[in-house]
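Colleague: Give me a 3D structure for the following:
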Amino acid sequence: MTLISEHIETDTRERILVVAERLFRQIGYQKTTVADIAKELRMSPANVYRFFESKKAIHQSVARSLMGEPSLLLCDEPTGNLDSKSAANVLDILGGLSRSGLTLVVITHDESVAARADRRVRIVDGTLGEVESAAAGRA
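Modeller: I've put the predicted structure just below:
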């Protein structure tokens, strides 16, 4: 009985991700609600929340499924042309990926983005130099 239940739950979770990805592409992440995803699946939003704690968690799972399982993610100015709310969403997603064990290399001119890094290096006139780590600065 447990095996069947686990299969159904895995299938439901996958269906949620497929619909969410399609809606994110069609109408955008900001405009898509959990209720939209639920409606497409003919279920209640509460049922979606049984599988994901938030819309952000759905978004992170969609991003992971699109990326596969890389060990390194290169991000060149990931917040460069974004409004502040979208930039915060991107940085939260990157933070979650980092906490889950993915190594990130983020190239940025934005000091507030750089300040979130565990380790920072700077290139000046072609020379690479270590910047005090964020962890050491917090100690």
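Colleague: Next SSE downstream of the helix with the most length in the chain?
Modeller: Taking DSSP state H as the criterion, the chain has its longest helix at helix 2-27. Using DSSP states H and E, the helix or strand that directly follows helix 2-27 along the chain is helix 34-41.
Colleague: Confirm Leu94 sits in a helix?
Modeller: Yes: with DSSP: H, G, I helix; E, B strand; the rest coil as the criterion, Leu94 is located in a helix.
Colleague: So what's the residue count around the nearest residue to it once chain neighbours are set aside?
Modeller: Sequence neighbours aside, Leu104 is the residue nearest to Leu94 in space, at 5.9 Å (criterion: CB to CB, 6 or more residues apart in numbering). Glycine gets a C-beta too; all of them are placed from N, C-alpha and C. Applying other CB atoms under 10 Å, we find 15 other residues in the vicinity of Leu104.
Colleague: go on, Thr32?
Modeller: 22.
Colleague: any idea how far it is from Arg25?
Modeller: Taking CB to CB, to the nearest Å as the measure, Thr32 falls 9 Å from Arg25.
Colleague: With His109 instead?
Modeller: 29 Å.
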